[in-house]
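Enquirer: quick one: sequence and predicted model below, then my questions.
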Amino acid sequence: MAGDLERTVLDFYQVNTPYPTEWPPEKNNASDESDKDDTKKKINRRKSRYQALERAVSNRGSVIPGSENSGSGVGNLVQRDEPDPLGTTESVVRSLKQLGLPLQDDARLRNRFLLSSTTFSPALFLSQMHANADTRSLIDGLDVLSKSIDQKSASLKVLVESNFERFVRAKATIDNVYKEMKYRGADATTPRARGHSRHASRNSFRSGSGGVGVTTPSTPVTEARKKNALAKESEYGVMGIKAPLLDVSAKAEDVWGPALGGREKEENLKTVAVSLDGYKEYVEASAAIADSIKRKDYEALVEEYTKARRFADEVKQLVKEIGSDQPDDSQVYRILLAGRMWHDVEEQIQSLKRDVWRRLISPQNIAKSDTTPGQPGDQHMELINLLLELGVVDNPVWVWLLSRYDYLKSKIQSTAERSKVEIEILRRRLANGEKPSPQTIASHMRTLGRQSVESKTATFDSVDIVELWEIMVVFMSNLLSPQGIMGEVLEFWQTVQGFIEGTAQRTLPVGYNGESKVHHRLSPQGTSDLQKGAVELVSMLRESVLMFFAGPPPEDISLLFSPLPQTPTTPNPASISGNLTPRDPRFNLDPNNIPPPSPRRGEAWEKFAFWPPWSNSISGVHFLTKMLALVGSGSSDMALIAPVSQGDAAEVDRLKTLVNIARERCVTALCAAWNRDAENIKYVEDWNRSPDRKDVTKMPSSFAAFEGALLAGMQKILYISEAMAKAGAENIVLPPPTKLLQMVRSQYVTTLYKALSGMVENAERPLKKTDDDWTIIDPEGYVAPNAPPTTRASTLGGGTINAGDRNVRMLLTLSNLQALRSEVVPGLNTQFENAFSVKLTDETKTIRDVLGQIDARLFQSYTRPSIENMRKIIRAGVAATDWVPPRGEKPREVRPYVYEALLTLVLVHSQVSTTASSLTSQVLSYLLEQTSRELLDAFKTRPKYNLEALMQATLDVEFVAQTLSHYTTDRASELQSQIYQELDGRTDNEARARLQSELPEMRAVLKRLREASKSEFACFRKPKRAAGPTGSGPERRDTGGSIGSVGSGGGSTNGNSSILSTQFGAAI
């Protein structure tokens, strides 16, 4: 009986021994492989309406007690033995035991041979139980198994048919009970779909469960019902009792916990509690320090750290007092507490010190404080104060100053080298580009005549050249401005000087027990090293600027292939000029395709690293003024640093040399560009009238603006006046040497000569219709090459200018020269004398003579064709056979040649008055003189004059004189007198006597002729309201004949006061 009970227990728990020492490993597995396969098959098997019945058949646990699977999937109790399903024996276990396979000790293995077990293995059963069976016996066994299955199926069918309605009602009851438990009597909020396994037949479902198929969603569910419902949210009904159980457990722990530890433990805890209460603030020191570090509350941190150090020192003193004696419990706890506390505190403080040291020497902190918005300006002093409060071995002041010196040294070198290479890259690209045409250069210079340099900084040169100039100015600003490296060097020295003099240490803490007071003073060696470092920084800045101005363009640009230095103030040209980013795409170069060096064309700018290729003098003088102002002010600031001004006199001299060399190189480069622009300024002429003066073009104002801008800028460059406001600048920025002044003086005169020569060339040079560098420029300023001379005209200024007509160009050029001679050049000379404090006595006389020669030459070129035409007309008319009236016939008309000559002068008057009205009096007065002279020469060709010839000559001469009386000059009057003298010398006394009687009649004839021709020659009449003195203008001299003074207005006659009645009558 005992054996059967033991076997039953072993079979139930499926263990091998009633006293196991460890958990069986097989219990950890859900089932063997066959169990897994069967489980998968059951899961994947298609559900049917009779799933519950199929489960009852397949799961023997529903028929045989104890045969169900456990929660882990391991079969529990099965039959201990059963007959062979094939009908060969009544006991499977006994047969296998006889075959040498004991199964009574291994329940798991036995279950695999029993058909009633869920772990039954057919293959294992046949291989062991019927290993020696023949075919016949297996066939008989199959028949036995088939009959057994048929019998069980028939009985199951009968059972289902007879009890089907019960099963359906039971299912509905189970569903109702489940719903009641889950929802605590409340209907479900939504209808629930039911699987096939719980569906009843049509009739039974409608009759038995029709009332519970649909629920109303509006039924409320209370919290009490939810708490005990069989749902996941209520932890399947245990939520209601879980919280009370936890409370009871906690209270039981509180009540019985201390009692279970024993009285000894209670005493120890009391002692610890008393110690902790006594030293509570020290126990919390570590946490307080950690919290202060986290919040960056350094004042609270120092206070807590001081308390901790004081407590640690007290404990050390206590240990010394105890010596070799045995400490009591309170002393032991105090010592242990102090050791633990100090270990935690010191570990945190050391970590903080490392972080503070790292921040103190980091580039973000040693850079200028204004480069990091939002941070306090004295952040380094806060870190130094913190280190001194905490106590350090190294001097934080010295470490920070040394780190800042190294940072500035590296920054100067990297900024200078990289900026020079980037500038050279842009220079090479400009130099390898196409040379700008003279018309392009002229278009930039023409803008000065419209607006000032300051307001047209973006148009007085090409965009690329202006951008490169701006980058150069920014480079100088980065080095020498107060906001650049120069300002950082000055700030560094001021900080060093404060620590050397002891003023900066007044606010520094002395630390715990004055331990940091030793760091308040710099050592003599440290002071000397810092002074030398300041001088070295100044020297590096000076050398960088000097090499930029005095050195040739760099040839090695490999630095550009290295990565940008990771510093917080890496040079950024785009923040400077707007176009360059920290790494401009133009500087992302291919190492195998480096931009070639600038080609050697013999240009002056090729040897200057600071001059953009093809830049004109206007942009050059504008930007060089800014650059030299930075050089002058920066050098003055550097000279004020005490180690430089008081200690190293050689460095001061080198700063003076820097200013002088930079100024000289700038003047040299600018004079070369000035000379080239003076040669191209002739292309500025666009033959458009000036809006202020209608008798000149825009050329005089453009030339005045060009020269004025150059002189003003050159004055700022030579004297660097913008830097003289700095303290001590007069000791560094010295007056320019005489050599530079003489260079500028000579260049100024040369540019005047070249500009004037270009103007004359514009007037005299013929237009060509083939490829040529001469072009006509339309009013909009665009170049129109090879335009037909007869069709190109400018209509600005109220009059039409035919720029293709050589005479029109000469007249406008003469008017321009007159404006230059009377206004522009004297104004420029005065500006030069005032700017450079010199007198241009000899140069002024030379310039005046040159202007006079150019004006006279151009005037002769314009009037020569008209004079030649007049000569032909007059000589042909006087030499004509019908010029002398028949004997005895008095002349009643002037000869046609006189009208022809006067009509020629009418055409000249029309051209001059409409083109350059200010020249009308000068030109016609001069032509009147030449006409009188030609009449004199023509009358000399006749040997004798009778009365008729004398009267005809008198009418011709007097008609011309009276018609052009408004333009009569002293020289013209003199020539007319000579004409009458020649006529008097070639006649007899009888003719002279008879002429006196004919004078009244001749006077009437002249009056009639004047009245008849006043419409044709109305242009020669004197205007009613003269704008100024008639005939005013410069004196002109003719190498081929006599040209008197023009513009005096003396000797002019009118119709009532004729030469005939005065001079000739007196001669008779």
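Expert: Thanks, I have the structure now.

Enquirer: which SS class is the nearest residue to Q715 once chain neighbours are set aside?
Expert: If the residues on either side of it in the chain are set aside, Q715 comes closest to A835, at 3.9 Å by C-beta to C-beta, 6 or more residues apart in numbering. All C-beta atoms are positioned from the backbone trio N, CA, C, and that covers glycine. Classification of A835 by DSSP: H, G, I helix; E, B strand; the rest coil places it in helix.

Enquirer: A835 against A712, yeah?
Expert: Yes: here A835 reaches A712: they are 7.1 Å apart, a contact under C-beta atoms under 8 Å.

Enquirer: about what we covered before: and the residue nearest to Q715, what does it touch?
Expert: Contacts of A835 were listed using C-beta atoms under 8 Å, 6 or more residues apart in numbering, and they are 711-712, 714-715.

Enquirer: closest to V824 out of those?
Expert: Distances from V824 to the contacts of A835, taken as C-beta to C-beta, are shortest for L711 (12.4 Å).

Enquirer: whichever helix or strand that closest one is part of - what's its average pLDDT?
Expert: Per DSSP states H and E: L711 is located in helix 699-719. Summarised as a single mean, pLDDT over helix 699-719 is 92.

Enquirer: show me what it is packed against.
Expert: Under the contact definition 3 or more C-beta pairs under 8 Å, 6 or more residues apart in numbering; DSSP states H and E, helix 699-719 sits against helix 438-446, helix 617-639, helix 649-680, helix 738-764, helix 806-819, helix 825-836.

Enquirer: measure how far the first one is from the centre of its chain, please.
Expert: The chain centroid and the centroid of helix 438-446 are separated by 29 Å, computed with C-alpha atoms, centre = their mean, to the nearest Å.

Enquirer: now that helix and helix 649-680, what's the angle there?
Expert: If you take axes from the mean of the first three to the mean of the last three C-alpha atoms, to 10 degrees, helix 438-446 sits at 120 degrees to helix 649-680.

Enquirer: mind giving me the packing neighbours of the first helix or strand past helix 438-446 going along the chain?
Expert: Beyond helix 438-446 on the C-terminal side, the first helix or strand identified by DSSP H and E is helix 463-480. Judged by 3+ C-beta pairs under 8 Å, 6+ apart, helix 463-480 is in contact with helix 396-431, helix 485-501, helix 524-550, helix 573-577, helix 617-639.

Enquirer: R418: neighbouring residues, count only.
Expert: 19 (other C-beta atoms under 10 Å).

Enquirer: how close does it get to E424?
Expert: As for R418, its distance to E424 is 11 Å (criterion: C-beta to C-beta, to the nearest Å).

Enquirer: got it, and R309?
Expert: From R309 to E424 the distance is 60 Å (C-beta to C-beta).

Enquirer: try P700
Expert: Counting by C-beta to C-beta, the separation of P700 from E424 is 40 Å.

Enquirer: now swap in V399 and tell me
Expert: Distance from V399 to E424, by C-beta to C-beta: 38 Å.

Enquirer: next: D329.
Expert: 82 Å.

Enquirer: what's the answer for R693, then?
Expert: Per C-beta to C-beta, R693 is found 47 Å from E424.

Enquirer: also W398?
Expert: Applying C-beta to C-beta, the value for W398 to E424 is 40 Å.

Enquirer: the two: who's more crowded?
Expert: The neighbour comparison of W398 against E424 (other C-beta under 10 Å) goes to E424, with 21 against 16.

Enquirer: sorry, back to before: whichever of the contacts of A835 end up buried, select them in PyMOL.
Expert: Selecting only the buried entries of the contacts of A835 in PyMOL, with 16 or more other C-beta atoms under 10 Å as the criterion:
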select buried, resi 711+714+715
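
Enquirer: now for the contacts of A835: which two are most distant?
Expert: A712 and M714 (7.4 Å).

Enquirer: give me the number of residues near T89?
Expert: Using other C-beta under 10 Å, T89 has 13 other residues around it.

Enquirer: ok, V957 next?
Expert: Residues contacting V957 under the criterion other C-beta under 10 Å number 25.

Enquirer: ok, and the closest non-adjacent residue to it?
Expert: Of all residues not flanking V957 in the chain, I979 sits nearest, at 5.5 Å (C-beta to C-beta, 6+ apart).

Enquirer: try S815
Expert: In space, and not counting its chain neighbours, S815 is closest to A916: 3.8 Å by C-beta to C-beta, 6+ apart.

Enquirer: how much space separates the one you found from A819?
Expert: 10 Å.

Enquirer: the closest residue in space to I618 that isn't next to it in sequence: neighbour count?
Expert: Closest residue in space to I618, ignoring its immediate chain neighbours: F460 at 4.4 Å, by C-beta to C-beta, 6+ apart. Residues near F460, counting by other C-beta under 10 Å, number 25.

Enquirer: ok, F460 touching S619?
Expert: Yes: F460 is within contact range of S619, at 5.4 Å (criterion: C-beta under 8 Å).

Enquirer: between the two, which contacts overlap?
Expert: Common neighbours of F460 and S619 (C-beta under 8 Å, 6+ apart) are 444, 466.

Enquirer: circling back: out of the helices and strands packed on helix 699-719, nearest to V957?
Expert: Between these, helix 806-819 lies closest to V957; by C-beta to C-beta that is 28.1 Å.

Enquirer: what's in contact with the closest one?
Expert: Under the criterion C-beta under 8 Å, 6+ apart, residues 687, 693, 695-697, 699-700, 756, 759-760, 762-764, 766, 801-803, 851, 854-855, 858-859, 861-862, 911-912, 915-916, 918-919, 1033-1034 lie in contact with helix 806-819.

Enquirer: report the buried residues of that helix.
Expert: Within helix 806-819, the residues that qualify as buried are 806-819, counting by 16+ other C-beta under 10 Å.

Enquirer: cool, and stretch 861-872?
Expert: Of the residues in stretch 861-872, 861-863, 866-867, 870-871 count as buried by neighbour count, 16+ other C-beta under 10 Å.

Enquirer: which parts of the stretch 801-950 of the chain are helices?
Expert: 806-819, 825-836, 841-878, 896-915, 920-940, 947-963 (DSSP state H, counting those that start in this stretch).

Enquirer: now do the helices in the stretch 51-200 of the chain.
Expert: Residue ranges of the helices in the stretch 51-200 of the chain, as given by DSSP H, counting those that start in this stretch, are 51-58, 92-98, 107-111, 122-129, 135-183.

Enquirer: with mean pLDDT and mean neighbour count added, can I get these in CSV?
Expert: Output for the helices of the stretch 51-200 of the chain, formatted as CSV (pLDDT from 0 to 100; neighbours: other C-beta atoms under 10 Å):
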stretch, mean pLDDT, mean neighbour count
helix 51-58, 42, 15
helix 92-98, 83, 17
helix 107-111, 82, 20
helix 122-129, 86, 14
helix 135-183, 83, 13
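
Enquirer: closest one to L964 among these?
Expert: Using C-beta to C-beta, the nearest of the helices of the stretch 51-200 of the chain to L964 is helix 135-183, at 131.6 Å.

Enquirer: from the chain's centroid, how far away is that closest one?
Expert: On C-alpha atoms, centre = their mean, the centre of helix 135-183 falls 87 Å from the chain's centre.

Enquirer: quick one: it to helix 122-129, angle?
Expert: Using the same axes, to 10 degrees: helix 135-183 against helix 122-129 is 140 degrees.

Enquirer: who are the packing partners of helix 135-183?
Expert: Packing partners of helix 135-183 (3+ C-beta pairs under 8 Å, 6+ apart): helix 51-58, helix 202-208.

Enquirer: using JSON lines, lay out the helices of the stretch 801-950 of the chain together with distance to I335 and mean pLDDT.
Expert: Below are the helices of the stretch 801-950 of the chain laid out as JSON lines (distance: least, C-beta to C-beta, whole Å; pLDDT from 0 to 100):
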{"stretch": "helix 806-819", "distance to I335": "105", "mean pLDDT": "90"}
{"stretch": "helix 825-836", "distance to I335": "88", "mean pLDDT": "93"}
{"stretch": "helix 841-878", "distance to I335": "100", "mean pLDDT": "91"}
{"stretch": "helix 896-915", "distance to I335": "115", "mean pLDDT": "92"}
{"stretch": "helix 920-940", "distance to I335": "119", "mean pLDDT": "93"}
{"stretch": "helix 947-963", "distance to I335": "135", "mean pLDDT": "91"}
